[in-house]
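**Q** following is a predicted model, sequence given first.
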Amino acid sequence: MAITPPAQRIWWKEPIEKVELIWVVIAFLWGMFMFFFMIAWHFIGQQNLNNEAYRITPSAYEEKVDAFAKKFTVREEKGVPVVRAPAGEDVYILGRLWQWWPILELEKGRSYRLHLSTVDWMHGFSLQPTNINISAYPGYEHIITLTPTETGQFGIICNEFCGIGHHTMTGKIYVVDQKTASVAEGDKR
Ligand code: CUA
(Lines give C-alpha, C1' and ligand atoms only; values in the text may rest on other atoms or scores of the structure.)
Protein backbone atom coordinates (compact mmCIF):
# COMPACT_ATOMS: atom_id res chain seq x y z
CA MET A 1 0.00 0.00 0.00
CA ALA A 2 1.21 3.49 -0.81
CA ILE A 3 2.19 5.80 2.03
CA THR A 4 -0.52 8.26 1.05
CA PRO A 5 -3.21 6.56 -1.03
CA PRO A 6 -5.01 8.77 -3.57
CA ALA A 7 -8.15 10.43 -2.28
CA GLN A 8 -10.10 8.96 -5.13
CA ARG A 9 -9.35 5.24 -5.36
CA ILE A 10 -10.42 4.76 -8.97
CA TRP A 11 -8.49 7.69 -10.37
CA TRP A 12 -7.88 6.34 -13.90
CA LYS A 13 -11.49 5.94 -14.98
CA GLU A 14 -12.15 9.52 -16.01
CA PRO A 15 -13.47 10.98 -19.26
CA ILE A 16 -10.63 12.19 -21.49
CA GLU A 17 -9.62 15.80 -21.02
CA LYS A 18 -10.69 17.96 -23.95
CA VAL A 19 -7.22 19.46 -24.57
CA GLU A 20 -5.67 15.99 -24.58
CA LEU A 21 -8.26 14.78 -27.06
CA ILE A 22 -7.56 17.71 -29.37
CA TRP A 23 -3.82 16.93 -29.35
CA VAL A 24 -4.39 13.24 -29.97
CA VAL A 25 -6.51 14.13 -33.01
CA ILE A 26 -3.97 16.68 -34.29
CA ALA A 27 -1.09 14.20 -33.92
CA PHE A 28 -3.08 11.48 -35.67
CA LEU A 29 -4.06 13.71 -38.58
CA TRP A 30 -0.51 14.99 -38.96
CA GLY A 31 0.77 11.41 -39.00
CA MET A 32 -1.74 10.50 -41.71
CA PHE A 33 -0.81 13.57 -43.74
CA MET A 34 2.92 12.78 -43.57
CA PHE A 35 2.23 9.16 -44.50
CA PHE A 36 0.43 10.07 -47.71
CA PHE A 37 2.83 12.90 -48.44
CA MET A 38 5.62 10.34 -48.91
CA ILE A 39 4.31 9.97 -52.46
CA ALA A 40 4.75 13.72 -53.00
CA TRP A 41 8.36 13.59 -51.77
CA HIS A 42 9.06 11.22 -54.58
CA PHE A 43 8.35 14.02 -57.05
CA ILE A 44 9.17 17.26 -55.25
CA GLY A 45 11.90 16.10 -52.89
CA GLN A 46 13.72 13.63 -55.19
CA GLN A 47 13.96 11.37 -52.19
CA ASN A 48 13.01 7.99 -53.56
CA LEU A 49 14.94 6.32 -56.32
CA ASN A 50 13.24 5.56 -59.58
CA ASN A 51 15.24 2.41 -59.98
CA GLU A 52 14.71 -1.01 -61.46
CA ALA A 53 15.02 -4.23 -59.50
CA TYR A 54 15.07 -7.82 -60.69
CA ARG A 55 15.25 -11.19 -58.98
CA ILE A 56 18.58 -12.96 -59.41
CA THR A 57 20.34 -15.70 -57.51
CA PRO A 58 23.45 -14.52 -55.65
CA SER A 59 25.67 -16.96 -57.54
CA ALA A 60 24.36 -15.75 -60.92
CA TYR A 61 25.05 -12.16 -59.90
CA GLU A 62 28.56 -13.08 -58.76
CA GLU A 63 29.23 -14.70 -62.14
CA LYS A 64 28.02 -11.60 -63.98
CA VAL A 65 30.26 -9.31 -61.92
CA ASP A 66 33.25 -11.63 -62.37
CA ALA A 67 32.76 -11.64 -66.14
CA PHE A 68 32.40 -7.85 -66.15
CA ALA A 69 35.60 -7.40 -64.14
CA LYS A 70 37.51 -9.86 -66.31
CA LYS A 71 36.48 -8.01 -69.45
CA PHE A 72 37.25 -4.42 -68.42
CA THR A 73 39.96 -4.49 -65.74
CA VAL A 74 42.62 -1.85 -66.42
CA ARG A 75 44.82 -2.24 -63.35
CA GLU A 76 44.83 -3.55 -59.81
CA GLU A 77 44.94 -1.89 -56.42
CA LYS A 78 46.01 -4.13 -53.53
CA GLY A 79 44.60 -7.12 -55.34
CA VAL A 80 41.30 -5.45 -56.19
CA PRO A 81 40.67 -4.88 -59.90
CA VAL A 82 40.00 -1.36 -61.13
CA VAL A 83 37.41 -1.75 -63.85
CA ARG A 84 36.75 0.82 -66.55
CA ALA A 85 33.86 -0.07 -68.79
CA PRO A 86 33.22 2.04 -71.90
CA ALA A 87 31.06 5.10 -71.18
CA GLY A 88 27.37 4.37 -71.21
CA GLU A 89 27.86 0.68 -70.41
CA ASP A 90 26.37 -1.34 -67.61
CA VAL A 91 28.68 -1.36 -64.58
CA TYR A 92 28.50 -3.74 -61.64
CA ILE A 93 29.26 -3.60 -57.95
CA LEU A 94 28.94 -6.53 -55.63
CA GLY A 95 28.70 -6.41 -51.86
CA ARG A 96 29.91 -9.25 -49.67
CA LEU A 97 31.58 -9.84 -46.33
CA TRP A 98 33.41 -7.44 -46.19
CA GLN A 99 34.00 -5.45 -49.31
CA TRP A 100 32.40 -3.62 -52.20
CA TRP A 101 33.90 -5.15 -55.32
CA PRO A 102 35.41 -4.21 -57.76
CA ILE A 103 36.68 -0.61 -57.95
CA LEU A 104 35.02 1.30 -60.79
CA GLU A 105 36.46 4.03 -62.96
CA LEU A 106 33.79 6.18 -64.61
CA GLU A 107 33.88 9.18 -66.91
CA LYS A 108 32.44 12.48 -65.77
CA GLY A 109 29.25 13.51 -67.57
CA ARG A 110 28.48 10.04 -68.94
CA SER A 111 25.53 7.96 -67.83
CA TYR A 112 25.95 4.44 -66.58
CA ARG A 113 23.57 1.76 -65.47
CA LEU A 114 24.94 0.75 -62.09
CA HIS A 115 23.96 -2.76 -61.04
CA LEU A 116 24.03 -3.43 -57.33
CA SER A 117 23.48 -6.58 -55.33
CA THR A 118 25.04 -8.71 -52.61
CA VAL A 119 25.90 -12.37 -52.33
CA ASP A 120 25.43 -13.01 -48.62
CA TRP A 121 23.13 -10.65 -46.78
CA MET A 122 21.96 -7.11 -46.56
CA HIS A 123 24.56 -4.36 -46.92
CA GLY A 124 24.21 -0.59 -47.15
CA PHE A 125 25.75 1.10 -50.16
CA SER A 126 26.74 4.59 -49.03
CA LEU A 127 28.63 6.78 -51.47
CA GLN A 128 30.92 9.36 -49.85
CA PRO A 129 31.20 12.34 -49.75
CA THR A 130 27.94 12.60 -51.73
CA ASN A 131 24.92 11.56 -49.76
CA ILE A 132 23.72 8.55 -51.74
CA ASN A 133 22.45 5.62 -49.68
CA ILE A 134 20.99 2.44 -51.10
CA SER A 135 20.20 -0.81 -49.34
CA ALA A 136 21.48 -3.83 -51.24
CA TYR A 137 19.98 -7.29 -50.78
CA PRO A 138 20.98 -10.76 -51.92
CA GLY A 139 18.59 -12.07 -54.55
CA TYR A 140 17.71 -8.64 -55.93
CA GLU A 141 19.62 -6.82 -58.63
CA HIS A 142 19.04 -3.08 -58.43
CA ILE A 143 19.86 -0.95 -61.44
CA ILE A 144 20.46 2.71 -60.83
CA THR A 145 21.12 5.21 -63.58
CA LEU A 146 24.12 7.24 -62.53
CA THR A 147 25.78 10.27 -64.15
CA PRO A 148 28.88 11.48 -62.30
CA THR A 149 29.07 15.28 -62.20
CA GLU A 150 32.44 15.69 -60.48
CA THR A 151 35.80 14.09 -60.95
CA GLY A 152 37.69 12.61 -58.05
CA GLN A 153 37.81 9.65 -55.78
CA PHE A 154 34.62 8.52 -54.08
CA GLY A 155 34.49 6.12 -51.20
CA ILE A 156 31.83 3.51 -50.63
CA ILE A 157 31.14 2.39 -47.10
CA CYS A 158 28.67 -0.09 -45.75
CA ASN A 159 26.06 1.53 -43.54
CA GLU A 160 24.05 -1.54 -42.54
CA PHE A 161 25.57 -3.51 -39.72
CA CYS A 162 26.74 -6.79 -41.24
CA GLY A 163 28.90 -8.47 -38.64
CA ILE A 164 32.33 -8.26 -37.15
CA GLY A 165 34.03 -6.79 -40.23
CA HIS A 166 31.30 -4.24 -40.97
CA HIS A 167 33.52 -1.23 -40.26
CA THR A 168 36.13 -2.49 -42.74
CA MET A 169 33.65 -2.91 -45.60
CA THR A 170 34.67 -0.27 -48.11
CA GLY A 171 34.95 0.27 -51.83
CA LYS A 172 35.89 2.96 -54.29
CA ILE A 173 34.75 4.72 -57.45
CA TYR A 174 37.04 6.93 -59.50
CA VAL A 175 35.54 9.59 -61.71
CA VAL A 176 37.86 10.87 -64.40
CA ASP A 177 37.56 13.47 -67.15
CA GLN A 178 36.50 12.21 -70.54
CA LYS A 179 39.81 13.47 -71.99
CA THR A 180 41.92 11.59 -69.46
CA ALA A 181 40.01 8.45 -70.21
CA SER A 182 40.34 8.73 -73.97
CA VAL A 183 44.10 9.41 -73.68
CA ALA A 184 44.44 6.33 -71.54
CA GLU A 185 42.44 4.36 -74.10
CA GLY A 186 44.74 5.66 -76.81
CA ASP A 187 47.75 4.41 -74.84
CA LYS A 188 46.36 0.95 -74.80
CA ARG A 189 45.99 0.74 -78.57
CU1 CUA B 1 28.30 -4.69 -45.11
CU2 CUA B 1 28.06 -3.52 -43.05
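**A** That came in fine, so what should we check first? Numbering: from 1, shown residues only.
**Q** what about the closest residue to Glu160 other than its chain neighbours, distance to Trp100?
**A** What sits nearest to Glu160 in space, not counting adjacent residues and going by Cβ to Cβ, 6 or more residues apart in numbering, is Gly124, at 3.6 Å. Every C-beta, even on glycine, is put in place using the N, C-alpha and C of the backbone. In this structure, Gly124 and Trp100 are 10 Å apart, going by Cβ to Cβ, to the nearest Å.
**Q** okay, the two: which has more neighbours?
**A** Each of Gly124 and Trp100 has its neighbours counted (other Cβ atoms under 10 Å); Trp100 has more, 27 against 18.
**Q** confirm that one sits in a strand?
**A** Yes: residue state for Trp100 (DSSP: H, G, I helix; E, B strand; the rest coil) corresponds to a strand.
**Q** isn't it right up against Leu127?
**A** No: distance between Trp100 and Leu127: 9.9 Å, which falls outside the contact criterion (Cβ atoms under 8 Å).
**Q** any common contacting residues for those two?
**A** Listed as contacting both Trp100 and Leu127 by Cβ atoms under 8 Å, 6 or more residues apart in numbering are Ile156.
**Q** so who does Phe68 touch?
**A** For Phe68, the set of contacting residues under the criterion of Cβ under 8 Å, 6+ apart consists of Val83, Ala85, Asp90, Val91, Tyr92.
**Q** neighbour-wise, which of those residues leads?
**A** The most neighbours, when the contacts of Phe68 are compared by other Cβ under 10 Å, belong to Tyr92, which has 26 neighbours.
**Q** other SSEs contacting the host helix or strand of that residue?
**A** Assigned by DSSP states H and E, Tyr92 belongs to strand 90-96. Contacting strand 90-96 under the criterion 3 or more Cβ pairs under 8 Å, 6 or more residues apart in numbering; DSSP states H and E are the following elements: helix 58-72, strand 99-101, strand 103-107, strand 112-118, strand 123-128.
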